[in-house]
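K.L.:
Any chance you could fold what I've pasted below:
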Amino acid sequence: MPMISAPDGTPLYVKDWGEGRPVVLIHGWPLNADSWEVQALGLAEAGHRVVSYDRRGFGRSGQPWSGYDYDTMAGDLAAVIEGLDLTDAALVGFSMGGGEVARYFSRGEAGRVSRAAFISSVAPGLLHSDANPDGAPASLFEEMREGLRKDRPAFLADFFKQFYGQGVFSGGVSQAALDWTQGMALMASPRATLECVTAFGMTDFTADVARISVPTLVIHGTGDKIVPIDATARRMTRMVPQAQLIEYDGAPHGLGVTHAERLMDDLKAFLA
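P.N.:
As a prediction, this is how the structure comes out:
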């Protein structure tokens, strides 16, 4: 698979599968492009060119000390799109990856993009404020950083149980899937893992979301304990008039695994 250089020279690991109308998949924290396994394979088999890449600091991409802010990371997304000369592309962001999609539209370079999808996305913002009374307090993200510093493997092992809704009727995955997810997470730079908590937790994407003018799909689980739906997806659809919201009743955060086939079918329908 090719490596594409970010504007600051950081190498970005890219998968480029299939032929057809391009779809760019942007993964969540603290994973990598492999987390899109079911959807990437299914969309490529359905006739799309599927591009996914490891965010800087994660997976097989370079691990620079800095650049874990959304301006830089949206610039990395732009570098992938331009480096592969993608046009008429759909952007699909999961969780933290929804932030890159939103910020990309603020760059004034969205002419190569014709659709956008936000899956369990942090946009338009997680942080509690007068405008987002259902958001999370800043102290929550500092507690996450403290837990990561103390024992990153143990913190992530507990995090992924909630991520997938273990023990919840509409969630849960096998131990093998938990181990696979933990393996992806531990490939990441500890610096990137910490800094991205601040990025996805504290960034307000309200102005970015206002710039979205393409057909937009928003998918979110009503049982998501990681990124609550009222603070994000439901607020997003009030800000983006053309957005279609699909709620998965009782579903947890990690829809790409817990509801893999349904998510793939909804994406196929949107992209058709």
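
K.L.:
any idea how far residue 116 is from residue 104?
P.N.:
For residue 116, the distance to residue 104 (CB to CB, to the nearest Å) stands at 9 Å. Just so you know, the C-beta spots here come from the backbone N, C-alpha and C atoms, and that holds for glycine as well.

K.L.:
Which neighbours do the two have in common?
P.N.:
Jointly contacting residue 116 and residue 104 under the rule CB atoms under 8 Å, 6 or more residues apart in numbering are residue 91.

K.L.:
where along the chain do the strands fall?
P.N.:
3-5, 11-17, 21-26, 48-53, 89-94, 113-119, 216-221, 243-248 (DSSP state E).

K.L.:
average pLDDT across the fifth one?
P.N.:
Taken as a whole, strand 89-94 carries a mean pLDDT of 98.

K.L.:
try the last one
P.N.:
Mean pLDDT, strand 243-248: 98.

K.L.:
The shortest one too?
P.N.:
Taken as a whole, strand 3-5 has a mean pLDDT of 97.

K.L.:
ok, now stretch 10-17?
P.N.:
98.

K.L.:
elements contacting the helix ranked longest in the chain?
P.N.:
Longest helix of the chain, by residue count under DSSP state H: helix 138-163. Applying 3 or more CB pairs under 8 Å, 6 or more residues apart in numbering; DSSP states H and E, one finds that helix 138-163 contacts helix 175-186, helix 190-202.

K.L.:
In a markdown table, list the ones you listed along with mean neighbour count.
P.N.:
Below are the helices and strands packed on helix 138-163 laid out as a markdown table (neighbours: other CB atoms under 10 Å):
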| stretch | mean neighbour count |
| --- | --- |
| helix 175-186 | 15 |
| helix 190-202 | 19 |
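
K.L.:
got the ones you listed as JSON lines, with mean pLDDT and distance to residue 80 columns?
P.N.:
Output for the helices and strands packed on helix 138-163, formatted as JSON lines (pLDDT from 0 to 100; distance: least, CB to CB, whole Å):
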{"stretch": "helix 175-186", "mean pLDDT": "98", "distance to residue 80": "19"}
{"stretch": "helix 190-202", "mean pLDDT": "98", "distance to residue 80": "17"}
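
K.L.:
To residue 147, which of these lies closest?
P.N.:
In terms of CB to CB, the element of the helices and strands packed on helix 138-163 nearest to residue 147 is helix 190-202, at 9.8 Å.

K.L.:
and residue 219, what pLDDT?
P.N.:
pLDDT, residue 219: 98.

K.L.:
quick one: it and residue 57, what's the gap?
P.N.:
According to CB to CB, residue 219 stands 26 Å off from residue 57.

K.L.:
can I assume residue 10 is in contact with residue 76?
P.N.:
Yes - with contact defined as CB atoms under 8 Å, residue 10 reaches residue 76; the gap is 7.3 Å.

K.L.:
hey, what's in contact with both of the two?
P.N.:
residue 56.

K.L.:
Neighbour count: these two, which is higher?
P.N.:
Shown here are residue 10 and residue 76; by other CB atoms under 10 Å, residue 76 has more neighbours (24 against 20).

K.L.:
Any idea how many residues pack against the nearest residue to the more buried one once chain neighbours are set aside?
P.N.:
Closest residue to residue 76 apart from its sequence neighbours, by CB to CB, 6 or more residues apart in numbering: residue 6 at 4.6 Å. Neighbours of residue 6 under the rule other CB under 10 Å: 22.

K.L.:
tell me the contacts of residue 6?
P.N.:
12, 56, 62, 67, 72, 75, 76, 79.

K.L.:
do you know how far it is from residue 64?
P.N.:
9 Å.

K.L.:
Give me the common contacts of those two.
P.N.:
residue 56.

K.L.:
Double-check residue 221 against residue 245; I have them as touching.
P.N.:
No - using CB under 8 Å as the test, residue 221 is too far from residue 245 to be in contact (11.9 Å).

K.L.:
Comparing these two, which shows the higher neighbour count?
P.N.:
residue 221 (26 against 17).

K.L.:
Can you pull the poorly scored residue ranges out of this structure?
P.N.:
1 (pLDDT under 70).

K.L.:
Okay, residue 34 and residue 246: tell me how far apart.
P.N.:
As defined by CB to CB, residue 34 lies at a distance of 25 Å from residue 246.

K.L.:
Among those two, which residue is more densely surrounded?
P.N.:
Using other CB under 10 Å as the criterion, residue 34 and residue 246 rank with residue 34 on top: 18 against 15.
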